[in-house]
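Peer 1: Sequence below, structure please.
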Amino acid sequence: MPLGTSAAMHLLQETLDRVGPVGRIDDRFSAIQAIFAADLTYVDAELQRAAAEGARPATLAADHLVGAGGKRVRPLTVLLSAACFGPLPAAARELAVVAELVHSATLLHDDVIDDSPERRGHPAARTVWGNAVSVLAGDLLLTHALDRTLAADARALAELIATLRRLVDGEIVQLRGRVKLDTSEATYFRILEDKTASLFGWSARAGAIVAGGSDDERDALGIFGERMGVAFQLVDDTLDYTGDSNETGKALLSDLGEGKLTLPLVLALSHAPGLMSMLERARGSDRAAADEVGQAVRKMGVCDEVRHRAALETERALSALSEVRPSPARDMLRVLATELTTRTS
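Peer 2: Model (predicted):
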């Protein structure tokens with residue numbers, strides 16, 4: 001469906017009206033996904049092809065993760081960003097694949113670092129093939145991502161390398177929490193900016209680079225992507241405490257044991273420093289203490305504060321987006337950012 005017609009936006013609004021303000025995120029994205037169905041099908045096919053190119057069992061581990069699916073938010077960001085400037089160039093689809101390849105590689109690595117048993121509702125690759133294979137599978141996907149980016153646009157490659165450095169830095173800073181817990185907001189946001197927001201920012205800039213956006217528009221889309229990425233993670237933080245799977249405290253216990261802090265917990269500790277002793281017990285695999293920490297966080301209402309901050313970050317993202325020339329694709333980016341902030345699952 002051509003993006004230059006009103007039919008695209010009509011389909012988008014029709015879907016949003018149908019699912020309502022608290023519909024599942026997959027339903028709320030369905031209109032945009034339908035408009036880009038052919039492109040997303042290409043992305044999925046190329047992800048599977050890339051995962052199969054290499055030596056076994058690394059290819060098996062890579063395919064195990066890629067085949068589990070995902071929201072494909074980052075590829076959509078690349079595609080929508082490029083579509084702001086006219087018909088999609090072939091390079092935009094390639095960079096959409098790259099965005100998901102990099103994201104998938106980081107997940108394979110993260111699961112090893114975090115000793116995670118599951119990913120996307122399935123056993124993590126590391127539990128099936130081992131840590132070494134999972135690391136090498138992530139490396140394999142990264143090599144494919146670099147090759148594809150170089151072929152698509154060298155300018156996007158230079159920016160991707162800088163982004164990869166930020167991803168590594170964020171992971172290292174987070175890893176320090178296993179030795180000494182840092183409950184400062186400054187450290188939390190540094191990790192968030194580097195580990196999550198940086199790839200969102202690259203995705204938005206990459207689409208503009210290959211589609212001919214001006215320097216100012218590229219910068220605006222980069223800001224948009226990063227702020228949207230921050231909002232995305234902040235909402236994830238609240239879901240750690242409000243989602244059904246966390247009623248038992250299992251997910252919270254896992255995060256604490258890995259030295260990870262979410263913003264609701266950071267805020268709770270600033271309001272009630274006495275929680276620290278309980279937190280230390282939770283980090284020592286005390287499930288009862290983890291349950292108590294989770295209950296305390298929920299009772300303080302700090303998740304509402306984090307949701308508010310996510311909304312403010314989305315406002316910052318949309319303010320930057322307003323600097324991009326008007327188009328149906330720009331309107332869809334606005335919807336994408338808004339839906340990520342308001343999702344409940």
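Peer 1: From the chain's centroid, how far away is stretch 193-201?
Peer 2: 8 Å (C-alpha atoms, centre = their mean, to the nearest Å).
Peer 1: What of stretch 318-328?
Peer 2: On C-alpha atoms, centre = their mean, the centre of stretch 318-328 falls 21 Å from the chain's centre.
Peer 1: Span of it from start to end?
Peer 2: By C-alpha to C-alpha, to the nearest Å, the extent of stretch 318-328 from end to end equals 15 Å.
Peer 1: What of stretch 321-333?
Peer 2: End-to-end distance for stretch 321-333: 8 Å, by C-alpha to C-alpha.
Peer 1: ok now it, how far from the chain's centre?
Peer 2: With C-alpha atoms, centre = their mean, you get 21 Å for stretch 321-333.
Peer 1: what is the rounded mean pLDDT of it?
Peer 2: With pLDDT averaged residue by residue, stretch 321-333 scores 94.
Peer 1: Show me which positions of that stretch end up buried.
Peer 2: Neighbour-count burial for stretch 321-333, with 16 or more other C-beta atoms under 10 Å as criterion, is recorded at 321, 324, 327-333. For glycine as for every other residue, the C-beta is placed from the backbone atoms N, C-alpha and C.
Peer 1: Kindly report the same for stretch 41-49.
Peer 2: For stretch 41-49, by 16+ other C-beta under 10 Å, it's 42-44, 46-47.
Peer 1: Give me the subset of those residues lying in helices.
Peer 2: Here DSSP state H is the test, and those give 42-44, 46-47 as lying in helices.
Peer 1: Let's have these in JSON lines, adding distance to T183.
Peer 2: Converted to JSON lines, these look like this (distance: C-beta to C-beta, whole Å):
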{"residue": "Y42", "distance to T183": "44"}
{"residue": "V43", "distance to T183": "39"}
{"residue": "D44", "distance to T183": "40"}
{"residue": "E46", "distance to T183": "42"}
{"residue": "L47", "distance to T183": "37"}
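Peer 1: and the helix or strand harbouring V102, how far from the chain's centre?
Peer 2: Here V102 sits within helix 90-114, counting by DSSP states H and E. Relative to its chain's centre, helix 90-114 lies at 10 Å (C-alpha atoms, centre = their mean).
Peer 1: closest to L108 among the buried residues of stretch 321-333?
Peer 2: L333 (28.3 Å; C-beta to C-beta).
Peer 1: quick one: contacts for R281?
Peer 2: A289 (C-beta atoms under 8 Å, 6 or more residues apart in numbering).
Peer 1: make it 10 Å
Peer 2: Going by C-beta atoms under 10 Å, 6 or more residues apart in numbering, R281 touches 256, 287-290, 292-293.
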